[in-house]
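Engineer: can't give you the sequence, but here's the structure:
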C-alpha cells in the first residue's frame with residue numbers, strides 16, 4: 001500500500017536555482033534548504049572563494065549539485081556571467097532568490113547623503129531588478145518559475161535609524177509587486193519581510209554588542225530572534241510547488257509583532 005507523503009509538494013527535484021549572497025547566514029540557509037529539497041543551486045556571492053567553499057559543504061551534506069561563483073550584483077556584466085554560467089551548468093534556471101542586501105545604521109536620518117541613499121538603492125533594489133531581468137528568458141520557459149526576494153521588516157515599518165536601507169527595501173517591495181503583475185501566469189514573484197535574525201552583519205552595520213544583545217531577545221510574540229533556517233523554510237515554501245498558488249505577496253517572517261492589550265494589567 002502506498003503512503004501519502006505530505007512533503008511531496010515541497011520537493012524541488014528538477015529545479016535550478018540562483019541564490020545571491022548565498023555564501024553565509026540567511027543566504028546559505030536558503031541554498032541548503034533548496035539543495036536538501038533536491039534543487040540544483042548556484043551560490044552567487046561577492047566573495048567567490050567563500051561561495052565555492054559553502055557550495056562544496058552543502059553538496060557534501062545533501063548529495064545534490066551545488067556550485068559557487070563570485071558575483072557583484074551591482075555590476076551588469078557579472079550578473080550576465082552568473083546567469084549564463086548557471087544556465088549552462090544546470091540546463092536552465094527556474095528559481096531566483098534575490099537575497100543580497102545590506103544597510104548601515106544612521107542615528108540621524110537627515111545626515112545621510114544623497115550618494116549613500118543612491119548606493120543603498122543600487123544594492124537593495126536595483127540589483128534584484130537587474131538579476132530578474134537577466135534570468136527572465138530562462139524563468140519564462142521553466143515550470144513553477146519563481147522569484148523570491150529577501151525583503152526586510154524595516155521596509156514596511158518605520159525605521160529612521162536605517163533610513164537608506166529601509167527606503168530601498170520599501171522600493172523593493174513595490175517593484176516586485178509590480179513584477180508579479182507583469183509576469184502573471186508565467187513567473188510567481190514574492191518577497192519575505194525578514195525580522196531580526198542575529199548574524200555578523202549586525203556588527204558590520206555599526207550596531208554595538210549591547211544593541212545586538214537587546215535585539216536577541218525582542219518583544220515579539222515568539223519571544224526570540226530568528227534563525228537563518230526560520231527564514232529559509234519560508235523561502236522553500238514559496239519557491240516550491242507547495243506555494244504554487246502564492247504570488248504578488250509580501251510575507252512577514254519575524255516572530256510576530258508585539259502583543260497588544262487594550263485592557264491594562266491590574
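Structural biologist: Everything's here; your move. In this text, all values refer to a predicted model and were calculated from it rather than measured experimentally.
Engineer: ok, residue 79 - contacts?
Structural biologist: The contact partners of residue 79, taken as Cβ atoms under 8 Å, 6 or more residues apart in numbering, are 71, 73, 127, 130, 131, 134. Quick note: C-beta positions are derived from backbone N, CA and C, even for glycine.
Engineer: in helices, which of the residues you listed appear?
Structural biologist: Counting by DSSP state H, these place 127, 130, 131, 134 in helices.
Engineer: take those residues and write them to TSV, including neighbour count, distance to residue 121 and pLDDT.
Structural biologist: Below are the ones in helices among the contacts of residue 79 laid out as TSV (neighbours: other Cβ atoms under 10 Å; distance: Cβ to Cβ, whole Å; pLDDT from 0 to 100):
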residue	neighbour count	distance to residue 121	pLDDT
127	25	9	98
130	18	12	98
131	26	15	98
134	22	18	98
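Engineer: and those residues, which is closest to residue 59?
Structural biologist: Ranked by distance to residue 59 (Cβ to Cβ), those are led by residue 131 at 22.7 Å.
Engineer: now do the contacts for the closest one.
Structural biologist: Neighbours of residue 131 in contact, by Cβ under 8 Å, 6+ apart: 18, 20, 73, 79, 83, 96, 98.
Engineer: same thing but 6 Å
Structural biologist: 73, 79, 98 (Cβ atoms under 6 Å, 6 or more residues apart in numbering).
Engineer: and if you look at residue 80?
Structural biologist: Contacts of residue 80 by Cβ under 6 Å, 6+ apart are residue 134.
Engineer: quickly find the element holding residue 97.
Structural biologist: Using DSSP states H and E, the element containing residue 97 is strand 95-98.
Engineer: tell me where this structure has strands.
Structural biologist: 16-20, 40-45, 66-70, 95-98, 146-152, 188-194, 249-253 (DSSP state E).
Engineer: save those as TSV, and put in mean neighbour count too.
Structural biologist: As requested, the strands of the chain are exported to TSV (neighbours: other Cβ atoms under 10 Å):
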stretch	mean neighbour count
strand 16-20	29
strand 40-45	30
strand 66-70	22
strand 95-98	29
strand 146-152	27
strand 188-194	25
strand 249-253	18
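Engineer: TSV for those strands, including distance to residue 234?
Structural biologist: Formatted as TSV, those follow (distance: least, Cβ to Cβ, whole Å):
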stretch	distance to residue 234
strand 16-20	14
strand 40-45	17
strand 66-70	20
strand 95-98	11
strand 146-152	9
strand 188-194	5
strand 249-253	5
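Engineer: redo the ones you listed as TSV? Include distance to residue 222 and mean pLDDT.
Structural biologist: Shown next, in TSV, are those (distance: least, Cβ to Cβ, whole Å; pLDDT from 0 to 100):
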stretch	distance to residue 222	mean pLDDT
strand 16-20	26	98
strand 40-45	29	98
strand 66-70	31	98
strand 95-98	24	98
strand 146-152	18	98
strand 188-194	14	98
strand 249-253	11	97
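Engineer: for these, which one sits closest to residue 111?
Structural biologist: strand 146-152 (21.1 Å).
Engineer: show me where this structure dips below the pLDDT cut-off.
Structural biologist: 1, 201-217, 261, 264-266 (pLDDT under 70).
Engineer: what does the longest helix anywhere in the chain contact?
Structural biologist: Identified as the longest helix of the chain according to DSSP H is helix 163-183. With contact meaning Cβ under 6 Å, 6+ apart, helix 163-183 is reached by 103, 109, 112, 116-117, 120-121, 124-125, 129, 149, 151-152, 154-155, 159, 189, 191, 247-248, 250.
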